[in-house]
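J.: kindly return the folded structure for what I paste below:
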Amino acid sequence: MTRKEAREEAFILVFEKEFSSDSLEDILEIDIQVRDIKPNDYVKAVFFGVFENLQNIDNIISQNAVGWSINRISKTSLAILRLAIFEIKFMEDIPVSVSINEAVELAKKYATKEDASFVNGILATVSKSENNE
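T.: From the prediction side, this is the model:
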């Protein structure tokens with residue numbers, strides 16, 4: 001599984017959790033059985049890591065989504081932003097530019113052109129604040 005494919009699997013899992021009260025472990029197990037995925041270490045690290053750091057990640061989104069509350073952001077864009085911000089903040093082996101580019105590509109595939117622009121704008125702002133810390 002390529003990193004791009006793994007990122008897409010992680011996005012789908014993060015997105016699914018938005019609609020499920022099941023535990024993370026149960027969601028992963030169901031996807032392994034139903035969708036026949038074979039999650040690698042990256043998929044597991046991102047999926048579990050996003051939710052272990054959800055409050056911090058959502059605070060970053062809120063601080064950088066000026067004029068938008070978390071509740072107004074589409075579920076698709078929110079899942080993409082959470083995944084990308086997790087990568088930016090916690091996965092030093094992934095260049096920030098790659099995280100942003102891949103997030104925009106996911107938005108183009110699973111959301112709208114406007115969502116892709118929104119995701120790009122938020123992540124560019126997050127990236128700039130990261131570089132100033």
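
J.: work out which residue lies at the spatial centre of the chain.
T.: When Cα atoms, centre = their mean is applied to the chain, the residue found nearest the centroid is residue 83 (1.8 Å).

J.: these two touch, right, it and residue 9?
T.: No. Assessed by Cβ atoms under 8 Å, residue 83 is found out of contact with residue 9, at 10.6 Å. C-beta coordinates here come from the backbone N, C-alpha and C atoms, glycine included.

J.: stretch 12-23 - what's its average pLDDT?
T.: On average, the pLDDT along stretch 12-23 is 96.

J.: again, but for stretch 85-105
T.: 95.

J.: who touches it?
T.: Residues outside stretch 85-105 that contact it (Cβ atoms under 8 Å, 6 or more residues apart in numbering) are 4, 7, 45-46, 49-50, 53, 56-57, 60-61, 80-81, 83-84, 116, 119-120, 123-124, 126-127, 130.

J.: so residue 106 touches residue 8, yeah?
T.: Yes. Taking contacts as Cβ under 8 Å, residue 106 lies within contact range of residue 8: 6.7 Å.

J.: between these two, who's got more neighbours?
T.: residue 106 (26 against 19; other Cβ atoms under 10 Å).

J.: and the closest residue to the more buried one other than its chain neighbours, what does it touch?
T.: Excluding the flanking residues, the one nearest residue 106 by Cβ to Cβ, 6 or more residues apart in numbering is residue 80, at 5.0 Å. Residue 80 is in contact with 11, 103, 106, 107, 110, 111, 115, 119, counting by Cβ under 8 Å, 6+ apart.

J.: can you tell me which two in the residues you listed are farthest apart?
T.: 11 and 115 (12.9 Å; Cβ to Cβ).

J.: which of the two has more residues huddled nearby?
T.: More crowded of residue 11 and residue 115, by other Cβ under 10 Å: residue 11, with 26 against 19.

J.: output stretch 80-88 as CSV - backbone C-alpha positions only.
T.: This file holds the C-alpha atoms of stretch 80-88, laid out as CSV (Å, rounded to 0.1, in the frame of the first residue of the first chain):
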residue,chain,number,x,y,z
ILE,A,80,-9.4,15.9,5.8
LEU,A,81,-8.3,18.8,8.0
ARG,A,82,-8.0,16.6,11.1
LEU,A,83,-5.9,14.1,9.2
ALA,A,84,-3.6,16.8,7.7
ILE,A,85,-3.2,18.7,10.9
PHE,A,86,-2.3,15.5,12.7
GLU,A,87,0.4,14.9,10.1
ILE,A,88,1.7,18.5,10.3
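
J.: appreciated, that's everything.
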